[in-house]
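Enquirer: Could you work out the structure for the sequence below:
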Amino acid sequence: MRRDMTRRFSGRPPPNFRWLWRSYASLRTENQPNALSDSGLGDAIRGLTASSSVPVRLLTLPAIRLDPAVEATAYYVVAEALANAQKHAGSSTIRVSVRLEREVLTVEIGDDGGGGADERAGTGLLGLRRRIEAAGGTFELDSPPGGGTRLAAALPTRNATAG
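Expert: Below you'll find the predicted structure:
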């Protein structure tokens, strides 16, 4: 097998795999919620948090449209983190911050629950890590027992548009 075929790549595939990468990116955005497709990430997150059984403080949300794949990834990060906080954390409040700085979209969700979240214990957090890393981003989880949980994702952006 050729050496360049077996190497790991980060963010950009080798030239002979770019068509596959573009196809994968379009599949990732195919099943977006209507609010995300129609109104953008900020409004879609507002909609998610409005139905939360635990009060949510929205700290920052983006005011511009981003690449659809980036928006979809960020949306699912927030959705999964909210679901986990509501089901498992026993928290009284959840904080959500999504901000764009220098071509990186940072998504942070924190709660004041019992902590102790472990991505090795189930598929949800591990799936989030894989989704974020597949988009070229980074994933952090801080959840000391008794100290709440903080989940952060940093996603590279491209094609930001006003709107």
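
Enquirer: Could you tell me how many residues sit around Asp38?
Expert: Residues lying near Asp38 (other CB atoms under 10 Å) number 10. For glycine as for every other residue, the C-beta is placed from the backbone atoms N, C-alpha and C.

Enquirer: right, and Val70 touches Leu155 too?
Expert: Yes. With contact defined as CB atoms under 8 Å, Val70 counts as touching Leu155 (5.4 Å).

Enquirer: Distance check, the nearest residue to Ala79 once chain neighbours are set aside against Thr149.
Expert: Among residues not flanking Ala79 along the chain, Leu48 sits closest, at 5.8 Å (CB to CB, 6 or more residues apart in numbering). Leu48 is 17 Å from Thr149, where distance means CB to CB, to the nearest Å.

Enquirer: Have a look at these two and say which one is more surrounded.
Expert: Neighbours were tallied for Leu48 and for Thr149 using other CB under 10 Å; the higher tally belongs to Thr149 (25 against 19).

Enquirer: show me the contacts for the more buried one.
Expert: By CB atoms under 8 Å, 6 or more residues apart in numbering, the contact list for Thr149 reads Asn84, Ala85, Ala89, Gly110, Asp111, Gly113, Gly115, Ala117, Leu141, Asp142, Ser143.

Enquirer: Quick check, the second one in contact with Ile109.
Expert: Same thing as Ala85. Yes. Proximity of Ala85 to Ile109 meets the contact threshold set by CB under 8 Å, at 7.1 Å.

Enquirer: mean confidence for the longest helix anywhere in the chain?
Expert: With secondary structure taken from DSSP state H, the chain has its longest helix at helix 68-84. Confidence for helix 68-84, expressed as mean pLDDT, is 88.
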